[in-house]
Every structure is written in structure tokens, then in C-alpha cells.
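Undergrad: Quick one: sequence and predicted model below, then my questions.
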Amino acid sequence: MVDNEGPAAEEHVPEQARCGFRKCRQPLPPPGPRGGRPYEFCPDRTWPGGKTCKQLAAAEQALREALGDEAVPAGALSDAGQAFEQAAAAVTGPLRTLSNALDAVTAHLRDEIAAAVGQADAAREAAAEADRQRDAALERAAEAEQTAER
């Protein structure tokens, strides 16, 4: 009699396949009753945002290719995010200073323009008054000439 319960029997049982998405790694169901290709990713699982394991694995692979590295370190994205945050914080102060300086220049220019407009209005008024006085003087001079001729 042959003992099928020993270690030799366990060697014939293949290890259960796992999802190919690195963050999932859930056991995969066996192929259907008629066989077929074994599953590479979870057939029914969805992640937040409605993405499947296959879609997320493809996005992860695209990210690896975009970064030019086959093995993206686990903290690479968070490190990149922190580096960006530090760079943004470093330029925030100078940009705020520049913005404040631009606001001050803009306010000063508004004051200067308002003063120039006021001076131009006053000059127009003075010119109009001078024209009125000239016309009145010419009129008086004409009257004086007529009186002298009589």
C-alpha cells in the first residue's frame, strides 16, 4: 500500500498563485472548469477609484519606466514629494517678498498716477481760466479802442 499523505504528496501540490500587483498579492482562483490560462491578477478586486489590480500594476510599471528604474524603491515617491515640499518652502519666502514689493510698487504707481491726473486737471483749469482772462482783456481792449476813436 502506498502512502499518499507523506511529503512526496505535498511536492505535487503547486503553490497557490498570487496576484501580480505588488500591493495586493492575494491568492488567485484556479482557472475555470474547462482550464484555460491561469489568472495573473485578481479577476474581481477593485481598489479605491474603481481601478483593478491589473490597471494598477500597469500604472506602476509605467511609473517604473518613466523613472528609468526597474525597481522603484518603496519610499521613492514620498522622498520625491518631500523634496518638492522643501523646494516649494524654500521659494515661498522669496516669492512672498517679491509679491509684497510688487504690491508696494503698484500702490506707489497708483498714487503717482492719481497725482499726475490731478496736476493735469489743475493745469487744464488754469489754462481755461487764462483763456477766459485773455478773452476778457481783449474785449476790454477792443472797447477801449472804440471809445478812443469816438
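TA: On my side now, so go ahead. Numbers count the residues shown, from 1 in each chain.

Undergrad: So, low pLDDT: which residues of the chain?
TA: Counting by pLDDT under 70, the chain shows low-confidence ranges at 1-14, 69-74.

Undergrad: which stretches of it form helices?
TA: 7-12, 53-67, 76-149 (DSSP state H).

Undergrad: Let me know which of these is tucked in deepest.
TA: helix 53-67 (a mean of 14; mean count of other C-beta atoms under 10 Å). In short, each C-beta sits where N, CA and C put it, glycine included.

Undergrad: Straight-line length of stretch 16-32, end to end?
TA: 15 Å (C-alpha to C-alpha, to the nearest Å).

Undergrad: For that stretch, buried residues please.
TA: Within stretch 16-32, the residues that count as buried by 16 or more other C-beta atoms under 10 Å are 19, 21, 24, 28.

Undergrad: quick one, what contacts the second one?
TA: With contact set as C-beta atoms under 8 Å, 6 or more residues apart in numbering, Phe21 has these partners: 41-42, 53-54, 56-57, 60.

Undergrad: of all those, which two lie farthest apart?
TA: The most widely separated members of those, counting by C-beta to C-beta, are Cys42 and Glu60 (14.5 Å).

Undergrad: I figured Thr52 hits Ala58, correct?
TA: No. The criterion here is C-beta atoms under 8 Å, and Thr52 misses it with Ala58 at 9.4 Å.

Undergrad: Break this protein down into its domains, please.
TA: 14-69, 81-149 (the TED database).

Undergrad: Quick check: which of the ones you listed is nearest to Gly75?
TA: domain 81-149 (9.2 Å).

Undergrad: ok so, going back, any common contacting residues for Thr52 and Ala58?
TA: With C-beta under 8 Å, 6+ apart, Thr52 and Ala58 have no common neighbours.

Undergrad: I'd say Phe41 and Cys19 touch.
TA: Yes. In this structure, Phe41 is within contact of Cys19 by C-beta under 8 Å, at 5.4 Å.

Undergrad: what residues do these two have in common as contacts?
TA: 28, 53.
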